[in-house]
Structure formats: C-alpha cells, structure tokens
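>>> generate coordinates for the sequence data below:
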Amino acid sequence: MKYELAQRRFAEVREDMTTAMIARNAHELMRSLKAASILDCADMASHASLYRAESRWGLYHWRTDYPQKNNDDWFCHTILSKKNGAMTSEKRAVEPYVVPIADEEKHLYDMQRIRAAAS
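Now for the predicted structure:
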C-alpha cells in the first residue's frame, strides 16, 4: 500500500535529516526546522489514513482497499498523538450536533463524490 511505502520513505528521510543535515546559520536552522515540521505532518497524515479503514471526504481520504464510507465503525473523531516517540491513534465519539441538520441535507457532502471510474 502506498501509505506504508510513504511511511518507510519518511523514516529514511528522517534518518538522513538527523545524521546529515547541518545548519551553518540561523536562516538554515529555520529552514531545517521547517523541513522537519513538513515531514512530521506528512508522516502524521499517512499514519492517520492507515488507521481509518474506510474512504471518506471525497478524494481527500480515499483508500482503494476500503473504498466505501463506513459510518458503523468510523463515524467518529480519530485522535492522533505521539507516545514514547511513536504515533498512536484512537477513536473518540462525535458529540451531538449543536445545530441540528435536516434529514434532506445529511447526505449532500456525499453527493460530491465521483462514483464512476474514469476511463
């Protein structure tokens, strides 16, 4: 799977960053910190996507191995955190909506999805 491939590559890049990256001045230091932050964000996104075994939010989170939305198991918040240097994920229930959503509006977002495969 591409997410797992990405995580392996992120680990290689992180190793390169910790062993070979140098900063000769404050500008280079800030650029290296920015690069490390971007790497952290990409790694967190791939971890979170692997944890959520479904597809949701149109093409933003699309898993070919889980192409369908699964509200029974995944209508929840997924919480990503780092414990002892490793990323972990957990589920948290969605609290009731403050503003009720009309029944005819509940599926409008899902209608934005592309349903047919491109030829």
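>>> number of residues surrounding Asn71?
10 (other C-beta atoms under 10 Å). No exception for glycine: its C-beta is placed from N, CA and C like everyone else's.
>>> wait, I meant Met17
Met17: 13 neighbours (other C-beta under 10 Å).
>>> skip the chain neighbours and tell me the closest residue to it.
Ala36 (6.3 Å; C-beta to C-beta, 6 or more residues apart in numbering).
>>> hang on, that neighbour in a helix?
Yes. Under DSSP: H, G, I helix; E, B strand; the rest coil, Ala36 falls within a helix.
>>> that one against Val13, yeah?
No. In this structure Ala36 lies outside contact range of Val13 using C-beta atoms under 8 Å: 9.8 Å.
>>> what about Ala6, neighbour count?
Using other C-beta under 10 Å, Ala6 has 17 neighbouring residues.
>>> how near is it to Ser32?
Ala6 sits 21 Å away from Ser32, going by C-beta to C-beta, to the nearest Å.
>>> and the gap between the residue most central in space within the chain and Ser32?
Centroid-nearest residue in the chain: Ala45, 2.7 Å away (criterion: C-alpha atoms, centre = their mean). According to C-beta to C-beta, Ala45 and Ser32 sit 21 Å apart.
>>> what ranges does this structure have for its helices?
Under the criterion DSSP state H, the chain carries helices at the ranges 2-20, 26-51, 71-74.
>>> mind checking which of those is nearest Met111?
Across the helices of the chain, the minimum distance to Met111, taken as C-beta to C-beta, is reached by helix 71-74, at 15.6 Å.
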